[in-house]
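**Student:** Fold the following and give me the result.
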Amino acid sequence: MYSSTGQQQHVMGVPAQAMTAPSQWSTDLCDCGKDCSNCCLTCWCPCITFGRIAEVLDKGTTSCGVHGALYSVLYLFTGCQCIYSCMYRSKLRQQYMLSEEPCNDCLVHCCCECCALCQEYRELKYRGFEPSLGWEGNLARQNQGIVMPPVGAGEMKR
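**Tutor:** Here you go, the predicted structure:
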């Protein structure tokens with residue numbers, strides 16, 4: 001999109017044309033071997049992987065434990081946890097403008113739940129998050145690079 005002056009318009013620092021073109025996932029759906037420890041954890045206890053993903057995507061509004069517990073309850077009593085987890089795949093895709101591959105989100109989660117969770121976990125790591133740290137841990141890690149100026153004698157301290 002271009003303005004009347006011929007300059008390219010930006011939305012929140014992103015070129016408008018980038019907002020319409022979906023980007024590619026950092027890894028394929030079946031690249032679980034690229035993070036073997038997460039693959040094993042997801043195969044044996046997908047509720048933990050899902051909880052970590054959901055906490056980061058929700059920006060810490062709900063904890064990993066709550067998401068993981070709800071996932072487990074849905075799994076144990078209905079077997080339909082994939083409906084819950086596919087909503088977070090959609091949320092991840094919307095946040096990072098990712099393409100809907102290899103098929104729609106519900107099908108990916110219903111047919112390949114573990115692979116989908118592993119791919120989402122790897123995508124968050126690729127985007128600079130460490131899902132195992134949770135939202136607060138990632139914020140703390142990002143803020144470590146910020147250096148506060150020294151406070152001189154007689155100045156306000158907080």
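**Student:** could you check the distance from Gly134 over to Val56?
**Tutor:** 7 Å (C-beta to C-beta, to the nearest Å). C-beta coordinates here come from the backbone N, C-alpha and C atoms, glycine included.
**Student:** Looking at these two, which is more packed in?
**Tutor:** Val56 (25 against 19; other C-beta atoms under 10 Å).
**Student:** could you dump stretch 62-71 to CSV, C-alpha only?
**Tutor:** Taking C-alpha atoms only, stretch 62-71 is exported to CSV below (Å, rounded to 0.1, in the frame of the first residue of the first chain):
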residue,chain,number,x,y,z
THR,A,62,-3.0,-17.7,32.4
SER,A,63,-0.3,-20.0,33.7
CYS,A,64,1.2,-23.0,32.1
GLY,A,65,-0.3,-25.2,34.9
VAL,A,66,-3.8,-24.0,34.2
HIS,A,67,-3.6,-24.6,30.5
GLY,A,68,-1.9,-28.0,31.0
ALA,A,69,-4.6,-29.0,33.5
LEU,A,70,-7.4,-28.0,31.2
TYR,A,71,-5.8,-29.9,28.3
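**Student:** any idea how far it is from the chain center?
**Tutor:** Chain-centre distance of stretch 62-71: 15 Å, with C-alpha atoms, centre = their mean, to the nearest Å.
**Student:** Over to stretch 36-44?
**Tutor:** Centroid separation for stretch 36-44 versus its chain: 17 Å, with C-alpha atoms, centre = their mean.
**Student:** which residues sit against it?
**Tutor:** For stretch 36-44, contacts defined as C-beta atoms under 8 Å, 6 or more residues apart in numbering pick out Cys32, Gly33, Ile48, Thr49, Cys114, Leu117, Cys118, Tyr121, Arg122.
**Student:** quick one: the last one and Leu29 touch, right?
**Tutor:** Which is Arg122. No. Contact criterion C-beta atoms under 8 Å: Arg122 and Leu29 do not qualify, at 10.2 Å.
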